[in-house]
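Colleague: build the 3D model from these lines:
(2 chains)
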Amino acid sequence: MQLSEKLAVPSQACLALHDKRLCWDSLEEFLLSLASETRSSFVVEECLDAIRLLGILQPITGLHLPPQSIKIEGGNFRESIEASQLVSRHRAVLLEIDKEIKKGKNLAGMNIFVAEAFTGFSAYLLQLAPHCVTRSCLSGPRAADAGHEDICNLSFSSSSYDLLVYNDLIGYAQSLEQCLGEALRVLKPGGRFLATFPFAYGQQETIVKAIQQPRQPGEPSAQPVASISYQIPGWSILKLLQDVGFSASKIHYTASWKYGVLGADLPGVFVLEACR
Amino acid sequence: MNSGESLQSSLAVLQRHLLDFPADSAAWQSLAQLLATDAAATNSAQRDQDPPQTANQPAPTSNNLPVSRAPVAQVSPASQTPIKSAESAEALFRQAKTLADASDFTGCITLVERALGHSRELAQDPMLAFIYAHALRNASQVERALEVLLPFRRIAPTPWIPFELGLIFKSLNRPTDAYLCLKEARGLEPEFTWAAVEAAAIVSHTNIPLGRLDRLTANRQADKDLVELTIERLLRFGNLLLVIGWSPIPGRSGSRMRLLDPLVPAKIASGGSCYYRRPDVNQAIGSEPHNLHGFASLIDCSLLSRWSEVGDLQLVLEAADGAPMRASINRIRLCDIAEEASLDKLLEGLLGSLRIAMDSDTPWHEGIHIFTPQTMQICSQLFSQYTKSVKPRSEVHWLNPKDSNSAIKLSFIFVQLGHFDIARPALAQICKLGIPMEVIVVNNSIQFFRETFHVLNRMAGIYKGIRFGIINNPENLGFSAACNIGASNATGEFLCFHNNDLFANASNDYLALLHRAIAQPGAIHSAYQYFTDGTLMQKGIAITQINSASNYDVTLYNGYSIGRNQSQGEILACSGSLMLMSRDTFDQLNGFSEEYIYAHFEDVDLCMRARQQQIPLMIWEDITFFHAEGGGTVAPYHLGGTTGHVNRLLFSIRWQKVLQNMNTEVEYVL
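Modeller: Got it, this is the predicted structure:
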């Protein structure tokens, strides 16, 4: 076995990413850590070796997932370390949820909305919190089976949820401000909003990649419009959250080979948290 | 436990430890040793595949035994653990649990073993056995743990025993047994999230087919002459409950299953059942050799008022004539019924069971005893509601614009289930007709949408005078609903319902049929159909009364093609494979009945309704069509050969009163 040749206590740099959690609420603060985080991306390979050798722990349940149950394909480790149909960014969100559980909250008793359905993440959360509401927010043939939600115009009544989880979704919102406003509306006071998204972490401004285009003539589609809006938020999203009325917001950063959370160009995964 | 499994178990413990304490250099060394042993064992196993050179008992190396037996976390030696005398099983359990909670599993084991040495009575205590097994498992003595706890499985006063057994089986790499135990634990305690999570983790890692493993444990009652059924699958939709499982005795066709609610004895749910033999499956699931009989029962639970409360319902098997039951009380814990299935899932299970029964030599007229007249009608109504609910999601794609100068005379409506390629001969003939018309394909198999879209799109580019459309249904809605959707989108004065595998002798046959319809617009028109070898397939459909060995509650009637069958009879219907009528006539008949499940008998039903409304049926002998039967449809397993029998039953129930006053021929079905 090749890996057994490497068997020794991991390097200090790798140990530093054993279960690293950081948190910032501004670009300026983040820039102070950026250099060291960029440097630590050189040990990602060693972290992957550790995962290949030891497996990972499933967030929340703490189940040990052995190496043979983990699939690592491709270099974007935010998306490519897959186990039980969860990838790095899913596990990063689950670790944030786990913090609430550790504070003594009962997950099964919380009103949770997960803006996705039929995914490994929603299935996992449903196991833990069977009452949580999962709805697809992207259109598609199966969307109607689970009910479809427009994140810019949620069908829920105000102040109805304790937790909203949007995984890699807000980038597609036709209006980011409207999307966040709706999230605020349906959250109960004290409720939390968790989101992952491709993050322009080096800048304040949001990168707008595409805006909504009118439907192309002859397009064989039942949808009234074709939605191709796409944006990559920068740190200004925190200001936007404040403007729409969230009381506090911050960006969590997790780099943890223990829990199988590794990132793309930086070794960790960013998770946005906002409180009503 | 063999040394390989023990190695894997130790490896898992070590990996887990290092994930928590990655700087533990001693643990890394142990891991290196263990992996080296593992590699040696793998090599040895590979060598063993060759003719063995040495005795078949592998000598334990100095590495493998100690490593495989030793838990990673260093436990205090047993001799150092102070053992207090336990006055009762409960006190002993508390002491043992305290030790186990502190990860002192060796101490816990020693404590329990000493106590058992003094009093054999304690060995009968299930919770003591539980904590003992728990400690043994954590101290890597997994086989011993199984030996200790297995006798208590059925006693199960608490979900912890099946839960611990589940974890033991998991450590022994027996995911099937582990899953069953964990399901059982959750069955005892629905809020037992950990059992659910563990069970889900096992399923996600090992790809266990859930249908096979969702079996529930039947509690035997010793004082009665019982048949212990194994319930393998429970599917619920609305008030219908489909029970699939195994019985050690063959049931009679027509025997009923009943569900009794012990809290409300007056409320009884009842349903029919069918039985089959599957020696191959028996063997595959590891049951005793070929002695189990498969059964499926569809029970109408509309009289029961509770589903979700924790409690038991009794499943009672009763004889066909309703005579006192021979035996058989099984208990179903309703909390084990995890969730409500969708209708298509229920139908898949139901029709799949019927197909399996027929495939294993159960005649269809016995198999359909799975339906009672009541459950048959409920299924039919549910199917009709289902098609109505899905219809709004059908997408309509017109591939070329409508010519505003000329009104469409004829709309062809094809229903697609499977490849559309087989319709090319018919399309080639239709495109030559030179009349303003449209071709609408209603697609019931979403996976073939792209293929059909491209075929029609190309034709739309070539034949600009013909309007082509494709309607994509998100689910298979069956033949009736598809025809009705096609008709509702059609703009032609006449509608022609046309199977994909049908074609005319020449294009003129289509024109002739249309001209007859124009001449007599208030009738349904069809034509003689021939097999591709030129022999007559059918010149119409007569209705016969079925006389079979199985008695059913209602008289069964059959639609009987005159042509392929030599007998003669009064023609009452034409086949839905070719029907041409005016839109007004179609609307007057209110279209095809969507209460028929997927396909078959909707055409006979339509013609019977036409007959009631004095709408004539014209089947033209001088117009010739060929039918390459069967080639156009790719039905999934559960729909193949089943829906005809099911809809025959529905048709018989629906037309019973009318048909019994008609002079129908008798058909014998053995």
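Colleague: so where's the stretch 101-250 of chain B uncertain?
Modeller: Across the stretch 101-250 of chain B, the ranges flagged by pLDDT under 70 are B:154-157, B:186-197, B:199-228, B:249-250.
Colleague: the closest residue in space to B:Arg611 that isn't next to it in sequence and chain A, how far apart?
Modeller: Spatially, and ignoring its direct neighbours in sequence, B:Arg611 is nearest to B:Leu572 (6.5 Å; Cβ to Cβ, 6 or more residues apart in numbering or on different chains). The C-beta positions use only the backbone N, C-alpha and C, and glycine is treated the same way. According to Cβ to the nearest Cβ, to the nearest Å, B:Leu572 and chain A sit 40 Å apart.
Colleague: B:Leu572 against B:Val604, yeah?
Modeller: Yes - if you go by Cβ atoms under 8 Å, B:Leu572 and B:Val604 touch, sitting 7.3 Å apart.
Colleague: now for the two: what residues contact both?
Modeller: Both B:Leu572 and B:Val604 are in contact with B:541, B:543, where contact means Cβ atoms under 8 Å, 6 or more residues apart in numbering or on different chains.
Colleague: report the buried residues of stretch A:182-196.
Modeller: Residues A:182-187, A:191-196 are the ones in stretch A:182-196 that count as buried (16 or more other Cβ atoms under 10 Å in any protein chain shown).
Colleague: in strands, which of the residues you listed appear?
Modeller: A:187, A:191-196 (DSSP state E).
Colleague: contact partners for A:Asn253?
Modeller: If you look again at residue A:253, you'll see it is Tyr, not Asn. Taking Cβ under 8 Å, 6+ apart as the test, what A:Tyr253 contacts is A:20-24, A:37, A:266, A:268-271.
Colleague: save those as a markdown table, and put in neighbour count too.
Modeller: Listed next are the contacts of A:Tyr253 as a markdown table, based on neighbours: other Cβ atoms under 10 Å in any protein chain shown:
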| residue | neighbour count |
| --- | --- |
| A:Lys20 | 18 |
| A:Arg21 | 15 |
| A:Leu22 | 15 |
| A:Cys23 | 13 |
| A:Trp24 | 19 |
| A:Glu37 | 20 |
| A:Leu266 | 20 |
| A:Gly268 | 26 |
| A:Val269 | 27 |
| A:Phe270 | 22 |
| A:Val271 | 26 |
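Colleague: which ones among those lie within strands?
Modeller: Filtering these for strands - DSSP E - leaves A:20-24, A:269-271.
Colleague: A:Ile207 reaches A:Gly234, doesn't it?
Modeller: Yes - judged on Cβ under 8 Å, A:Ile207 makes contact with A:Gly234 at a distance of 7.0 Å.
Colleague: any residues in contact with both of the two?
Modeller: Joint contacts of A:Ile207 and A:Gly234 (Cβ under 8 Å, 6+ apart) are A:Ala200.
Colleague: pretty sure A:Ser69 sits against A:Gly55.
Modeller: Yes - in this structure, A:Ser69 is within contact of A:Gly55 by Cβ under 8 Å, at 7.1 Å.
Colleague: after the worst-scoring helix or strand of chain B on mean pLDDT, heading C-terminal, what element do we hit next?
Modeller: Among the helices and strands of chain B, helix B:64-69 carries the lowest confidence by mean pLDDT, DSSP states H and E, at a mean of 25. Next along the chain after helix B:64-69, taking DSSP states H and E as the criterion, comes helix B:89-101.
Colleague: for that next one, C-alpha coordinates in PDB please.
Modeller: C-alpha atoms of helix B:89-101 as PDB (Å, rounded to 0.1, in the frame of the first residue of the first chain):
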ATOM      1  CA  ALA B  89     -29.500  -6.500  37.600                       C
ATOM      2  CA  GLU B  90     -30.400  -2.900  37.500                       C
ATOM      3  CA  ALA B  91     -27.700  -1.800  39.900                       C
ATOM      4  CA  LEU B  92     -25.200  -3.900  37.900                       C
ATOM      5  CA  PHE B  93     -26.400  -2.300  34.700                       C
ATOM      6  CA  ARG B  94     -25.900   1.200  36.100                       C
ATOM      7  CA  GLN B  95     -22.400   0.300  37.200                       C
ATOM      8  CA  ALA B  96     -21.600  -1.300  33.900                       C
ATOM      9  CA  LYS B  97     -23.000   1.700  32.000                       C
ATOM     10  CA  THR B  98     -20.900   4.100  34.000                       C
ATOM     11  CA  LEU B  99     -17.800   2.200  33.000                       C
ATOM     12  CA  ALA B 100     -18.900   2.000  29.400                       C
ATOM     13  CA  ASP B 101     -19.700   5.700  29.200                       C
END
